[in-house]
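A.B. asks: have a look at this prediction, sequence included:
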Amino acid sequence: MIPAFDLQFSHQEEHLVLPTITSIRVVQQLYDILFQYAITPEYEEKLKFFIGRMEKHIKSKPKAPFSMPLEDLKFLDEGLEEMKLLNWMQIPVSIFEIVPRGFDPADELAAEKVFNFLESIFTFNRWPESLRIAVYPSGLTRY
């Protein structure tokens, strides 16, 4: 049985989305391209974090695409244009919070049932260790 919950809309933000053909090899090529712009240790650290998140996402074989808020990627500067040339898309992503009505938010099994149910009706990615989700437009291809 699926526990009772509400979805509360938070906001919408622009994301850059990885093309649908993905592999760790693509990630490595992207790293090589973007690394040429790494002129400060801070930039390099942010780039490693971004690539690490992407690799983790790909290895998990999700149904939803990998994306990050455009705001979080502004540090890439000219690298953003390189990504767009590699078929990355800029799309609006809606951020929602799952508000439990019929379960304790700390109950991971109940939360998993809710996430599994939602996954059967639309495409989204979970925020790590939270009840937030990033919902993608219905026109995107499901993996």
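C.D. replies: Noted; the coordinates are in hand.

A.B. asks: Asp77 against Tyr37, yeah?
C.D. replies: Yes. Using Cβ atoms under 8 Å, Asp77 is in contact with Tyr37, at 6.5 Å. Yep, even glycine has a C-beta here, placed from its N, CA and C like the rest.

A.B. asks: those two: which has the busier surroundings?
C.D. replies: Counting neighbours by other Cβ atoms under 10 Å for Asp77 and for Tyr37 shows that Tyr37 has the greater number, 17 against 12.

A.B. asks: now the residue lying closest to that one once chain neighbours are set aside: which helix or strand?
C.D. replies: Residue nearest to Tyr37 in three dimensions, not counting chain neighbours: Gly79, with 4.9 Å by Cβ to Cβ, 6 or more residues apart in numbering. In this assignment (DSSP states H and E), Gly79 forms part of helix 78-85.

A.B. asks: the next helix or strand after that helix packs against which elements?
C.D. replies: For helix 78-85, the following helix or strand on the C-terminal side (DSSP H and E) is strand 89-100. Packing contacts for strand 89-100, counted by 3 or more Cβ pairs under 8 Å, 6 or more residues apart in numbering; DSSP states H and E, involve strand 5-17, strand 67-69, helix 108-119, strand 132-135.

A.B. asks: with only the CA atoms kept, save strand 89-100 in PDB.
C.D. replies: In PDB, the C-alpha atoms belonging to strand 89-100 read as follows (Å, rounded to 0.1, in the frame of the first residue of the first chain):
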ATOM      1  CA  MET A  89      19.900  20.700 -23.600                       C
ATOM      2  CA  GLN A  90      18.700  23.600 -21.400                       C
ATOM      3  CA  ILE A  91      15.200  22.800 -20.100                       C
ATOM      4  CA  PRO A  92      12.900  23.900 -17.300                       C
ATOM      5  CA  VAL A  93      12.800  21.500 -14.300                       C
ATOM      6  CA  SER A  94      10.100  21.700 -11.600                       C
ATOM      7  CA  ILE A  95      11.100  21.200  -8.000                       C
ATOM      8  CA  PHE A  96       8.600  19.500  -5.700                       C
ATOM      9  CA  GLU A  97       8.700  18.400  -2.000                       C
ATOM     10  CA  ILE A  98       6.900  15.300  -1.000                       C
ATOM     11  CA  VAL A  99       4.900  16.100   2.100                       C
ATOM     12  CA  PRO A 100       4.100  12.900   4.100                       C
END
